[in-house]
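>>> model this:
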Amino acid sequence: MSMSLSLSMPDLALLLCSLSLPLLLTCILCLVQRQHATVSQYLMADRQLSVLPSAVSLAVSFISVNSALNMSQDISAFSIVLPVAMLLSSTLGMAIIPNMFMSVFYKMHMTSVYEYLELRFNSSLVRRLVSVTVIVASQVFLGVVLLTTCDGVSVITGIPSFPYIVCGCLLPLLVLPCGGLVCVVWTGVWQAVVVIAGSTGVVGSGWQDVSMDRASVGWSPDTHDILHTLAMCSGQIILWASVSGCHQAVVIRYSAAKSATQARWMLGVTIFFYWVLSIGVVLSVMVIITKYEQSGHNMEGVSLEQAVLSFSSEVLSKVPGLTGLLVSAVVAASLSTISSVTHSLAASVWEDFIYQSRWAETFSQSEGVLTIRVITIISSIITLLLSYCYSHLDEALHLATVAPLVLSGPLLAVFMMGFFVPFANNIGVTIGMVSGLALPIWMAVGACFTTITSGSEEIGNTGIVSYDKNKSPFQNLYQTSDQLYPLIGFTVTMLVGISCSLLSHLLLTTRPPPHLLLHPWVRKKDTSLTLPPQEHAWNTQEAHHHYRWPSPSLPPTLKKPRPSVDTLTLNRKGGLVDTINRRRRKEDSWRSNSLTAGYDNDCFDS
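Residues are numbered from 1 along each chain as shown. As a prediction, the model looks like this:
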């Protein structure tokens, strides 16, 4: 099918309106906040985010064209049973792990979630290794999100995808460098409204012709379908537990809430709106596929974009503006993902690398904000270039698509060891994460460059590991579904990390972690898990009071008094104290520079 659909004037008006309103909102917010442009305000909105807008924008950032494409394959093969099972699995991961981790993360008032790893394992190597891995995986996946969106719009309109790739980076380039997290939140709210309106228009225009029996066919309780469903669900649980509990893009949202109670409410409201948006996407895809099959076509071997094109020309074109509303919803969903992840990447690069360097100590607040804006622009340009490269390299596109699946398991395992394994140390965690990343990457590369088929069915998509004695062990390994990569990476990282930690604990002298950096379930009340008394430089004057969080990001009202000794003379074994004091010196430098530049000194206490 080579036909294309030309957009009418109402369609173009709706599309331009959906893209121009975020820019107008950005300009208004920039004018309002221009007098108080600080790093805290840019990255964390001064930790004053409201529950509802932040939850709505975070929920819509989880929706993209990639999720719709995956749902179309599952619905065409298994109807609505598998998407609903995956939705329940993702909800389970989003509800449990973030609430467990929040009891530690929120009280530390961190800008970068990976700062916890440096404090917990007393190693900047672990922090930077995890941060670099997340940055790379997120950056390459952004190119996939942009490319799939532009390809879908290109199929509908008949215009080549490259102009859409260029235009798709303009909104993040204009919104993020100017407004920061506040603009990301409020533009996300608008994009959520557009997505809900688009899915409502699709479902409302075609649902009356869809037989309700379509929702119950396609899935049978045989061994293959059960194993396929279990594989998909296990991968989704770990994937969403990792994304919601450990990823910078999500943790930075609830860490910016006004209180811990509002942060928990934010997670609950996010899950609710994620269900609302996901159900709208599932029903829309189901309507489009059903109408396409009722027209005498077969979905096997046909992309969702072709089915959308047929649905738009036969159904949506009868009502002016509906096609433009559908295109606007597709673009809005992907741009919300790009904006949210790009902002988190800029925060990670600034907090984990630039802010930790010596030459950043002399930065003023304005110079810090300018540096973060430059990082955001560079990230958007890299996204554009990657999208163009993926359009010519199918193998690279496949590897970038599975990057979140490869990363999620090891990332969750590292934080789980930090919270629940008191004897875990930097040696075991580093070796475990490298091992947990190496195996899924090897499997993904092998599956990408090795064509393995069994009859007419690709074994790599069966969701189970099939063994064929006529094939080599490596070929059988490459048959594993990519939905199992999170489970494999998580298991390997935990096993190798715990084993190496035990071995190094027996052979080497290791320092026990501060007990409040462990989860309350395993936290001990005695002093066996705390630092030696001489290294508690911040605890010399208030030993009789309750222990407070040893994070350098805490507001001054929650920090311990400054030590009377020069802790910078400590050797590397006092790295935790050295990290805190190094950051305090930077804050003092920023305070003096801000007074010279006319900033309000209270902005550093937020």
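
>>> Count the residues that sit near the residue nearest to Val421 when sequence neighbours are not counted.
The shortest distance from Val421 to any non-neighbouring residue, by CB to CB, 6 or more residues apart in numbering, is to Ile498 (6.2 Å). For every residue, glycine as well, the C-beta is placed using N, CA and C. Per other CB atoms under 10 Å, the neighbour tally for Ile498 reads 18.

>>> Could I get the buried residue list for stretch 395-402?
By neighbour count on 16 or more other CB atoms under 10 Å, the buried set for stretch 395-402 is Ala396, Leu397, His398, Leu399, Ala400, Thr401, Val402.

>>> actually stretch 127-135, not the one I typed
For stretch 127-135, by 16+ other CB under 10 Å, it's Arg127, Arg128, Leu129, Val130, Ser131, Thr133, Val134, Ile135.

>>> check contacts around the fifth one.
The contact partners of Ser131, by CB atoms under 8 Å, 6 or more residues apart in numbering, come to Ser112, Tyr114, Ser348, Asp352, Phe353.

>>> any idea which of those is closest to Trp265?
Distance to Trp265, by CB to CB, is smallest for Ser112 among the contacts of Ser131, at 23.4 Å.

>>> Strands along this protein, start to end?
Assigned strands in the chain, in chain order: 453-454, 457-458 (criterion: DSSP state E).

>>> for the first one, what is the average pLDDT?
If I follow you right, that is strand 453-454. For strand 453-454, the mean per-residue pLDDT is 41.

>>> Stretch 124-139 too?
The average pLDDT within stretch 124-139 is 93.

>>> returning to what we had before: in this structure the residue nearest to Val421 contacts Gly428, no?
Yes. Look at Ile498 against Gly428 with CB atoms under 8 Å: they come within range, at 6.7 Å.

>>> Now do the shared contacts for these two.
Common contacts of Ile498 and Gly428 (CB under 8 Å, 6+ apart): Met417.

>>> contacts for stretch 55-63?
Here stretch 55-63 makes contact (CB under 8 Å, 6+ apart) with 184-189, 191-192, 195, 243, 249-250, 253, 265-267, 269-274, 276-278, 281, 332-333, 336-337, 339-341.

>>> count of neighbours near Phe449?
By other CB under 10 Å, the residues close to Phe449 number 11.

>>> from what I can see it touches Glu395, true?
Yes. Counting by CB under 8 Å, Glu395 is a contact partner of Phe449 at 6.5 Å.

>>> For Ile372, which residues are in contact?
Val39, Tyr42, Leu43, Gly180, Ala346, Ala347, Trp350.

>>> I'd like those laid out as JSON lines, including distance to Tyr478 and pLDDT.
Shown next, in JSON lines, are the contacts of Ile372 (distance: CB to CB, whole Å; pLDDT from 0 to 100):
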{"residue": "Val39", "distance to Tyr478": "46", "pLDDT": "87"}
{"residue": "Tyr42", "distance to Tyr478": "44", "pLDDT": "86"}
{"residue": "Leu43", "distance to Tyr478": "41", "pLDDT": "88"}
{"residue": "Gly180", "distance to Tyr478": "43", "pLDDT": "81"}
{"residue": "Ala346", "distance to Tyr478": "36", "pLDDT": "91"}
{"residue": "Ala347", "distance to Tyr478": "36", "pLDDT": "91"}
{"residue": "Trp350", "distance to Tyr478": "39", "pLDDT": "92"}
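
>>> Identify, from the residues you listed, the entry nearest to Ser387.
Ala346 (18.7 Å).

>>> and the gap between the closest one and Asp482?
Between Ala346 and Asp482 the computed distance is 29 Å (CB to CB, to the nearest Å).

>>> the more surrounded of those two?
Ala346 (27 against 21).

>>> if I look at Thr91, how far off is Gly368?
Taking CB to CB, one finds Thr91 at 38 Å from Gly368.
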